[in-house]
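Visitor: Provide a 3D model corresponding to the input given below.
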Amino acid sequence: MLLAGMDLDRAEFAGCTGSGAEGINGLPRVFDPVVAIVDGTRLSVPEARNILYIGAGSYHLVRLGPGGEYQRHTSNSACASGTGAFLDQQAYRLNFRPEELSAKAESCQSCPGVATRCSVFAKTDMIHLQQDGFPPEDIAAGLCRGLARSTVDALLKGQRISGQVAAVGGVSRNRAVVRGVEDQLGVPVLVPERPEHVAAAGAAVAARRAGERMSIVPDKITARAERAGVHTLRRPLRLELSDYPEFAPAVSYVDGNDTEVCLLSHHQPGTELRVVLGIDIGSTSTKCTLVDEEKMMVALLYRKTAGDPIGATRHLFTAILELAEKRGIHFEILAAGTTGSGRKLIGRILGAEIERDEITAHAVAATFLDPGVDTILEIGGQDAKFTQLENGVVYNSVMNYVCAAGTGSFIE
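Guide: Numbering: from 1, shown residues only. All right, here's what the predicted structure looks like:
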């Protein structure tokens with residue numbers, strides 16, 4: 001697609017680089033990414049003696065000698081924290097597009113600390129800051145500055161740096177990250193006009209130096225799939241729900257704010273329903289139930305938290321009011337309880353009668369459904385929990401504390 005509109009007859013040399021190049025047939029010679037980064041940076045920032053590259057899945061610090069010659073480089077480990085992909089994921093959690101994260105961060109009023117060495121630590125910090133009432137812009141600033149800090153720490157490991165520093169790679173377009181890097185290094189950092197194209201330009205320079213003549217035929221560029229006769233391509237993933245218990249709600253729809261609404265039974269217009277309200281404000285989604293005096297669920301609501309627990313709760317209440325208006329019924333809220341990571345913040349705002357941790361809430365609900373339950377396995381957006389009960393009382397529970405693998409956000 002990229003080459004289709006280009007006049008390839010004018011090109012004399014061609015080279016490729018990048019982690020995906022080895023898996024494609026029909027490409028010219030593939031050059032090491034560090035070689036390409038060095039050659040590309042020499043074109044745009046010839047005075048650079050230190051090159052900080054931050055891409056979608058990797059980052060490097062390349063040291064050059066007094067004459068610009070390569071000396072050594074360090075790279076990130078297998079963990080993707082500190083990379084562009086990590087930053088994109090956290091931006092979506094704040095309900096920002098990745099390309100607007102920098103502007104949002106620069107408009108902040110304060111810069112709270114966010115741990116960025118691990119995605120689960122970052123998410124935990126972000127959730128706590130949301131509970132404390134920090135706006136998304138301030139959390140974005142803490143995220144960008146935290147990424148800059150952890151990246152510099154991981155690459156320098158306490159060593160000093162001297163000479164001009166150039167920042168390249170797609171993340172270098174994030175001005176908030178670059179400012180954080182400057183603060184950590186204590187020196188100005190130059191960013192070329194198109195930092196995301198530096199490695200591609202370097203591959204072209206390397207190809208010319210090596211004498212690699214042009215040999216690209218766009219129609220022959222295909223995925224490589226001939227390893228030992230096994231076709232390595234896979235069918236695209238599809239979302240296929242497992243078998244769930246079926247129920248037929250009286251009303252089910254998604255409103256204009258992307259809140260899923262279910263009214264579980266029919267009621268005549270003018271009916272007044274006395275209910276207790278429960279809200280689970282999770283790291284990924286926010287849920288609400290209305291339960292009547294016989295402990296039967298009347299309505300269910302679900303939506304994404306989107307990094308804004310207050311806004312998510314506001315949308316839930318808007319949906320409840322719209323549901324009542326549409327069906328001609330009235331909900332009298334007798335009491336309210338909150339649970340989930342945002343339970344304290346929302347509980348204070350609502351004046352809820354109780355704020356309970358998730359393990360307690362799970363135990364109460366499970367034993368109500370089946371008094372004989374002795375084990376609960378819960379997989380949430382950020383946490384996975386294993387709880388054991390005896391006679392309805394929790395006596396043991398464990399959860400993930402470090403890694404986010406095996407949680408809902410990992411699958412997303």
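
Visitor: and L345, which of the three is it?
Guide: Using DSSP: H, G, I helix; E, B strand; the rest coil, the structure places L345 in helix.

Visitor: for it, which non-adjacent residue is spatially closest?
Guide: Excluding the flanking residues, the one nearest L345 by C-beta to C-beta, 6 or more residues apart in numbering is Q131, at 4.3 Å. The C-beta positions use only the backbone N, C-alpha and C, and glycine is treated the same way.

Visitor: quick one: that neighbour and T338 touch, right?
Guide: No - using C-beta atoms under 8 Å, Q131 makes no contact with T338, being 11.3 Å away.

Visitor: which neighbours do those two have in common?
Guide: In terms of C-beta atoms under 8 Å, 6 or more residues apart in numbering, Q131 and T338 are both contacted by the residues K344.

Visitor: who has more neighbours out of the two?
Guide: T338 (25 against 18; other C-beta atoms under 10 Å).

Visitor: any idea which element the more buried one lies in?
Guide: strand 330-339 (DSSP states H and E).

Visitor: who's in contact with the residue nearest to L345?
Guide: Here Q131 is in contact with P309, S341, G342, K344, L345 (C-beta under 8 Å, 6+ apart).

Visitor: how about the helices in the stretch 251-400 of the chain?
Guide: 309-327, 343-350, 358-369 (DSSP state H, counting those that start in this stretch).

Visitor: distance of the residue nearest to L345 relative to I161?
Guide: Distance check for Q131 against I161: by C-beta to C-beta, to the nearest Å, it reads 37 Å.

Visitor: for the closest residue in space to E322 that isn't next to it in sequence, what are its contacts?
Guide: Distances taken as C-beta to C-beta, 6+ apart place D255 nearest to E322, at 6.4 Å, with adjacent residues excluded. D255 makes contacts with V261, T318, A319, E322, as judged by C-beta under 8 Å, 6+ apart.

Visitor: repeat that for V171.
Guide: For V171, the contacting residues are I54, G55, Y59, T83, G84, L87, L147, V177, by C-beta under 8 Å, 6+ apart.

Visitor: which pair in the contacts of Q131 has the greatest spatial separation?
Guide: Greatest spatial distance among those (C-beta to C-beta): P309 and K344, at 10.3 Å.

Visitor: between the two, who's got more neighbours?
Guide: Taking neighbours as other C-beta under 10 Å, P309 and K344 compare with P309 leading, 25 against 15.

Visitor: and the nearest residue to the more buried one once chain neighbours are set aside, how far from I281?
Guide: With C-beta to C-beta, 6+ apart as the criterion, P309 has its nearest non-adjacent residue at 3.8 Å, and that residue is G342. Distance, G342 to I281, using C-beta to C-beta: 3 Å.

Visitor: with P188 instead?
Guide: Remark: distance between P188 and I281 (C-beta to C-beta) = 43 Å.

Visitor: and those two? Which one has more around it.
Guide: Legend: neighbour count by other C-beta under 10 Å for P188 and I281, higher for I281 (27 against 9).

Visitor: surely that one touches R343?
Guide: Yes - in this structure, I281 is within contact of R343 by C-beta under 8 Å, at 6.0 Å.

Visitor: how about the residue nearest to P309, phi and psi?
Guide: Reported as degrees, to the nearest 10, the phi and psi values for G342 are phi -100, psi 20.

Visitor: show me how far stretch 171-183 is from its chain's centre.
Guide: Here the centre of mass of C-alpha atoms in stretch 171-183, compared against the chain's by C-alpha atoms, centre = their mean, to the nearest Å, lies 19 Å away.

Visitor: cool, stretch 102-119 as well?
Guide: Using C-alpha atoms, centre = their mean, the offset of stretch 102-119 from its chain centre is 14 Å.

Visitor: any idea which element the spatially most central residue of the chain lies in?
Guide: Central residue of the chain (C-alpha atoms, centre = their mean): Q89, 1.9 Å from the mean position. Secondary structure assignment for Q89, by DSSP H and E: helix 84-93.

Visitor: let me see the mean pLDDT of that helix.
Guide: Mean per-residue pLDDT for helix 84-93: 84.

Visitor: can I get the CA coordinates of that helix in PDB?
Guide: Below are the C-alpha coordinates for helix 84-93, written out as PDB (Å, rounded to 0.1, in the frame of the first residue of the first chain):
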ATOM      1  CA  GLY A  84       5.000   3.700  22.900                       C
ATOM      2  CA  ALA A  85       2.600   0.700  23.100                       C
ATOM      3  CA  PHE A  86       2.600   1.100  26.900                       C
ATOM      4  CA  LEU A  87       1.800   4.800  26.600                       C
ATOM      5  CA  ASP A  88      -1.000   4.100  24.100                       C
ATOM      6  CA  GLN A  89      -2.600   1.600  26.400                       C
ATOM      7  CA  GLN A  90      -2.600   4.000  29.300                       C
ATOM      8  CA  ALA A  91      -3.900   6.800  27.100                       C
ATOM      9  CA  TYR A  92      -7.000   4.800  26.200                       C
ATOM     10  CA  ARG A  93      -7.500   4.100  29.900                       C
END
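
Visitor: all strands for the stretch 51-200 of the chain, in order.
Guide: 59-64, 70-75, 165-168, 189-190 (DSSP state E, counting those that start in this stretch).

Visitor: among those strands, which comes closest to R356?
Guide: strand 59-64 (41.7 Å).

Visitor: just the C-alphas of that closest one, formatted as PDB.
Guide: Extracted in PDB, the C-alpha atoms of strand 59-64 (Å, rounded to 0.1, in the frame of the first residue of the first chain):
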ATOM      1  CA  TYR A  59      13.800   1.700  23.300                       C
ATOM      2  CA  HIS A  60      17.600   2.200  23.000                       C
ATOM      3  CA  LEU A  61      20.300   4.600  24.100                       C
ATOM      4  CA  VAL A  62      23.100   4.700  21.500                       C
ATOM      5  CA  ARG A  63      26.400   6.300  22.400                       C
ATOM      6  CA  LEU A  64      28.600   7.900  19.700                       C
END
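
Visitor: for the chain, what helix or strand is lowest in average pLDDT?
Guide: Within the chain, no helix or strand scores below strand 222-223, which has a mean of 66 by mean pLDDT, DSSP states H and E.
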